Each structure stands twice: as structure tokens, then as C-alpha cells.
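Participant: no sequence for this one, just the structure:
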């Protein structure tokens, strides 16, 4: 076997791992594949005779490429905002890998990572995202992370710590009441999935107020039965088998909420106000600017 053939064989053995790292960094299947392909090109041009851990070397290369892509993406987004274009500014999640990704593969991959986690990762600064992904998800030591981001080992630890607090909602989400909120919202979701009108009404306050955004503005819906009918009509758009790829519970501004994020791309948030075991208010948020301002954290367990 020639040196090039051996190198190709080793690369293929690590491709799945490298794709996983890149996808968690970039949140886009097509961009992840681009990063992995760039890693192969760099490998084919490099002298790796002194590399003792090729998998680690490749992980570092993919991480560096992904970090560059994230920084470029952020710079372009900031430039678009500074130009104050009259056209709506698209979020990262609506533009990444849009043309070439396989929707089915991306949905499966997003589900395996967790929709809420992907959404939260998209809110992190590039260096924070890299530190969290590499250390907390792939157990890469902080000294190696430090060399990638060009900072000290202590600074790399701080990056991961800040990202972890954002992901987990630490210092922002009150623990009291979250479990009871979750129980009510999970009952709502179960009734919705079952198409159970009476089950929905049972968890809604009779005078529930729903504020639903639309291109025409905010529409208010009053009353449990009125909204239950609309909610059942909406959920029928999504096959039950695909719900895990579309919906996930998360904490939004400290409240247990539902994210609608096909492929990890946040499209809609249902933020619930729960009181005395009933859903009293619901805010349905679809405006991209409002979605960007939400404080979203994963909901463990």
C-alpha cells in the first residue's frame, strides 16, 4: 500500500468523527462536508510523518477550518447589519448550507445532536462554540483548544465555561417552578400529538390568551377551545413520525417553551406562561429579530 493510499484509508476511518465535529461547530451539513473536504486537502499536502496521533491532528484541522468559517459568517452578518439594507437580514440558521444539504440526512443529524442544543450553539461567539464543542462534546484538552483559538489555556477554559452557562441557562433560569412548568407543557405536547382536543383544553386556562405573530402583525386568540382547534390544525402539517426532528422543549427567557426548528434551524417559538397548573398565556414568536433576542437554553433530562 502506498503512502497516499494509507493516508486516504486513515482519513476515511476518521471521516464520521470529523463530520460530527464540523457539524456541531457549523450547524450545517453541507458546510460540515466542506470543512471535512478541506481537511483532506490539507492532509494530502502535508508531511505527517512525525504526527503521532493522526485523528487528533485531523480534528484540530477541522476545528480550525470551522472556526474560520464561523468567523467569516459572523463578519458577513455584521456587515449586512451595518449596511442597513432595506431587505430583511437573514439569520445564520436560515442561510447556512441552504442549497446543497440533504434535508433527510440533516434532520437525522440534528435530531441526534438535539434541536435545542443546535439553536443555542448558534448564539455563541465562534471561539466559545469551538471551546464548548471540542471540550464538552469531544473531550479535547484545553491546551489543544488554546492553540486553535490563539489564547491561553485559562482563557480557553473560560470560553468553554461561558458557553456552558449559556447552553445550560445557568445564572439566568430560576430552578424553582421549572419542573412543574415542564409537566404542564409536556401534557400539552402529548395531547397535541394525540390529536386530543379535550386533553388540550384540560391544560389550558379557560381564558388563555395567545399572541400569535404573522406577517400582518400580532393576532390575539382568546379562550381554550378556540386555540385548541387552531393548534390541532397547525400540528397536522407535521407528520407525527417527524415531530422529534421538528419540535423540542427548551427554556426561553426562563420559561419552558417549544422550539420549532427543522434541521436545527429555529423558525418558531411557543413561549408559555404557566400558573396554577394551567397554561395562562402563549406567545408565538416567528419574527427573526425577536428570535435572535431570545435567551434560549437546553432543558436537561
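Facilitator: Everything's here; your move. All of these numbers come straight from a predicted model, not from anything done at the bench.
Participant: name the helices or strands packed onto the biggest helix by length in the chain?
Facilitator: For the chain, the helix with the greatest residue count under DSSP state H is helix 54-83. With contacts taken as 3 or more CB pairs under 8 Å, 6 or more residues apart in numbering; DSSP states H and E, helix 54-83 sits against helix 3-26, helix 29-45, helix 126-132, helix 142-149. Bear in mind the C-beta positions are built from the backbone N, C-alpha and C, glycine included.
Participant: Save those helices as CSV, and put in mean pLDDT and mean neighbour count too.
Facilitator: As requested, the helices and strands packed on helix 54-83 are exported to CSV (pLDDT from 0 to 100; neighbours: other CB atoms under 10 Å):
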stretch, mean pLDDT, mean neighbour count
helix 3-26, 92, 17
helix 29-45, 94, 19
helix 126-132, 97, 24
helix 142-149, 96, 18
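Participant: For residue 236, find the nearest of these.
Facilitator: Counting by CB to CB, residue 236 lies closest to helix 29-45 out of the helices and strands packed on helix 54-83; the figure is 27.8 Å.
Participant: what's next to the closest one, contact-wise?
Facilitator: Residues from elsewhere that reach helix 29-45, judged by CB atoms under 8 Å, 6 or more residues apart in numbering: 4, 7, 11, 15, 18-19, 22-23, 25-26, 58, 61-62, 65-66, 69, 96-97, 99-102, 105-106, 109.
Participant: try it again with 7 Å
Facilitator: Outside helix 29-45, the residues within contact range by CB atoms under 7 Å, 6 or more residues apart in numbering are 7, 11, 15, 18-19, 22-23, 26, 58, 61-62, 65-66, 69, 96-97, 100-102, 105-106, 109.
Participant: Tell me what angle it forms with helix 3-26.
Facilitator: Between helix 29-45 and helix 3-26, the angle comes out at 150 degrees (axes from the mean of the first three to the mean of the last three CA atoms, to 10 degrees).
Participant: How far away from the center of its chain is helix 29-45?
Facilitator: Its chain's C-alpha centre and that of helix 29-45 lie 22 Å apart, by CA atoms, centre = their mean, to the nearest Å.
Participant: My guess is residue 166 contacts residue 122. True?
Facilitator: No: using CB atoms under 7 Å, residue 166 is not in contact with residue 122, being 10.9 Å away.
Participant: Same list (the helices and strands packed on helix 54-83) but as CSV, adding distance to residue 289.
Facilitator: Listed next are the helices and strands packed on helix 54-83 as CSV, based on distance: least, CB to CB, whole Å:
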stretch, distance to residue 289
helix 3-26, 23
helix 29-45, 24
helix 126-132, 21
helix 142-149, 29
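Participant: which stretch among those comes nearest residue 114?
Facilitator: Residue 114 sits nearest to helix 3-26 of all those, at 10.1 Å, using CB to CB.
Participant: what angle separates the closest one from helix 54-83?
Facilitator: For helix 3-26 against helix 54-83, the angle by the same axes, to 10 degrees is 40 degrees.
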